[in-house]
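Participant: okay, sequence plus prediction incoming.
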Amino acid sequence: TLSVAEMSGVTRIAEKAATVLVGPVGAALVAASVVVSTFGCNVAAIISSSRTAFAMAADGRFFPAAAKVHPVYRTPHVAILITSVWSAFLTLTGGYETLFTYVTFASVLFGTLGGAAIFVLRVKKPDVPRPYRALGYPVIPALYVLGSLALVVNTLLERPGASIAGLGLVALGLPFYFHWAGKRRNAARSFSGTCRPTRIWPWSAPWLR
């Protein structure tokens, strides 16, 4: 449909190809389908990200308000609002490609670490019940980790600025993480200090009553 010269430097390539094939009306339909698809992708991302924030808050590692559940809709409405506001703020920091690199680099990096965790947990906790077993272990998980690692390295080499910025966004959460982790440890110490074991005197034993 398009020559290499016509495709060079074009970011909305599907729209241009549709214009050549079926005219402006077809291009508008392609653009509309992309918009609908983008909304669907955003909904899926907000649902998963907000549930992550909700779980972190419930575990004491995020703003406590994010653990609230709506009394009517039974959804983590505060976590959804936080995720949506943060996402809207990120759109002001760069274009689509830059934001995509931010998210993809960090996401694939954590996916790589998650795959590598399979091998670590198999060694450190061999007796933990595992209702789901990784198919083709260790070959398939190893291929996944190597492939993901190659993608991470390639993104870092091709887009070093955006990749490092993505890591920087992740690093911004570290002070908050250590803050909340410290609060949890202090709360655990206070709890253990106030809850002392009950002394059982000899005459309180059942067989002496």
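Facilitator: Good, I have the coordinates.
Participant: so, low pLDDT: which residues of the protein?
Facilitator: 188-209 (pLDDT under 70).
Participant: centroid-nearest residue for it?
Facilitator: With the centre of the chain defined as its mean C-alpha position, the nearest residue by Cα atoms, centre = their mean is residue 49, 5.9 Å away.
Participant: and the nearest residue to it once chain neighbours are set aside, what element?
Facilitator: Setting aside the residues directly before and after it, residue 49 is nearest to residue 83 in space (Cβ to Cβ, 6 or more residues apart in numbering), at 4.8 Å. C-beta coordinates here come from the backbone N, C-alpha and C atoms, glycine included. Residue 83 belongs to helix 77-90 when assigned by DSSP states H and E.
Participant: show me what that helix packs onto, helices and strands only.
Facilitator: Counting by 3 or more Cβ pairs under 8 Å, 6 or more residues apart in numbering; DSSP states H and E, the packing neighbours recorded for helix 77-90 are helix 13-58.
Participant: so how far is the helix it packs on off the chain centroid?
Facilitator: Helix 13-58 has its average C-alpha position 19 Å from the chain's average C-alpha position, going by Cα atoms, centre = their mean, to the nearest Å.
Participant: what helices or strands is that helix leaning on?
Facilitator: The helices and strands touching helix 13-58, judged by 3+ Cβ pairs under 8 Å, 6+ apart, are helix 4-7, helix 77-90.
Participant: which of these has the highest mean neighbour count?
Facilitator: helix 77-90 (a mean of 16; mean count of other Cβ atoms under 10 Å).
Participant: that one: how far from the chain's middle?
Facilitator: In this view, helix 77-90 has its centroid 14 Å away from the chain centroid, taken as Cα atoms, centre = their mean.
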